[in-house]
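Trainee: below is the structure, and that's it, no one-letter string:
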């Protein structure tokens, strides 16, 4: 059966992207349209020039990045941790490692051909936010590949040869063309966009609208949001 595509622009280091992933999944859980959609994860880099620094945790990075003191950074991250907990997610910012996400995006692209993107995304988010693993570290990425049943060695080769680098860059370029300035950003059938970690109802309504129209075959692009929802942009998260 031909399926309607939902594309999700996301970055592993974006705390609202993991929260958005959960809310989006919950919106699909009991949906009558669940089997009508296919999901594709797209790459976005909040800070493409970030140097991976295992000695720096997220609280310290946020303080530096936003020019605030450590106590304020911890307070902001505590709020996000609480929001994540409501979705059943555990965030350990004090042990999360600041890392450039480009290689993690290469793994997501590698997984695409095998239908394992969603599994890889889940492991990447968990590694970063919960387990305090360095998602720029080759061994960590190979371990994730292995866990989802992909060839860790073939992935390593792909990474070293830069085979999928252009695909990651293409996603980032495409986001710019669509006017996407922050993530998560969910695009339904290239027709409707949901910006940020919106409430579950927004995802549900957008899915219904998109599927109904997909069946009827229309196409212009508009952004759906009930309120300003939290998302992350190049200037930081808000």
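Mentor: That came through fine. Note that the structure is a prediction, hence the values are computed from the model and not measured. Residues are numbered from 1 along each chain as shown.
Trainee: helices of this protein, residue ranges please.
Mentor: Counting by DSSP state H, the chain has these helices, from start to end: 15-29, 58-66, 70-86, 102-112, 117-125, 138-147, 152-160, 165-177, 200-216.
Trainee: tell me the most buried of those helices?
Mentor: Comparing these by mean neighbour count (mean count of other Cβ atoms under 10 Å), helix 102-112 ranks first with a mean of 23. Quick note: C-beta positions are derived from backbone N, CA and C, even for glycine.
Trainee: returning to what we had before: and the helices of the chain, which one's lowest on average pLDDT?
Mentor: If you rank the helices of the chain by mean pLDDT, helix 58-66 sits at the bottom with a mean of 92.
Trainee: roughly how far out does that one sit from the chain middle?
Mentor: 20 Å (Cα atoms, centre = their mean, to the nearest Å).
Trainee: what angle do helix 15-29 and it make with each other?
Mentor: 110 degrees (axes from the mean of the first three to the mean of the last three Cα atoms, to 10 degrees).
Trainee: so which elements touch helix 58-66?
Mentor: On a contact count with 3 or more Cβ pairs under 8 Å, 6 or more residues apart in numbering; DSSP states H and E, helix 58-66 meets helix 70-86, strand 97-98, strand 236-237.
Trainee: dump the helices of the chain into JSON lines; add distance to residue 184 as well.
Mentor: Formatted as JSON lines, these follow (distance: least, Cβ to Cβ, whole Å):
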{"stretch": "helix 15-29", "distance to residue 184": "4"}
{"stretch": "helix 58-66", "distance to residue 184": "18"}
{"stretch": "helix 70-86", "distance to residue 184": "13"}
{"stretch": "helix 102-112", "distance to residue 184": "14"}
{"stretch": "helix 117-125", "distance to residue 184": "11"}
{"stretch": "helix 138-147", "distance to residue 184": "20"}
{"stretch": "helix 152-160", "distance to residue 184": "24"}
{"stretch": "helix 165-177", "distance to residue 184": "11"}
{"stretch": "helix 200-216", "distance to residue 184": "11"}
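Trainee: hmm, residue 32 and residue 207 touching each other?
Mentor: No - taking contacts as Cβ atoms under 8 Å, residue 207 lies outside contact range of residue 32: 9.6 Å.
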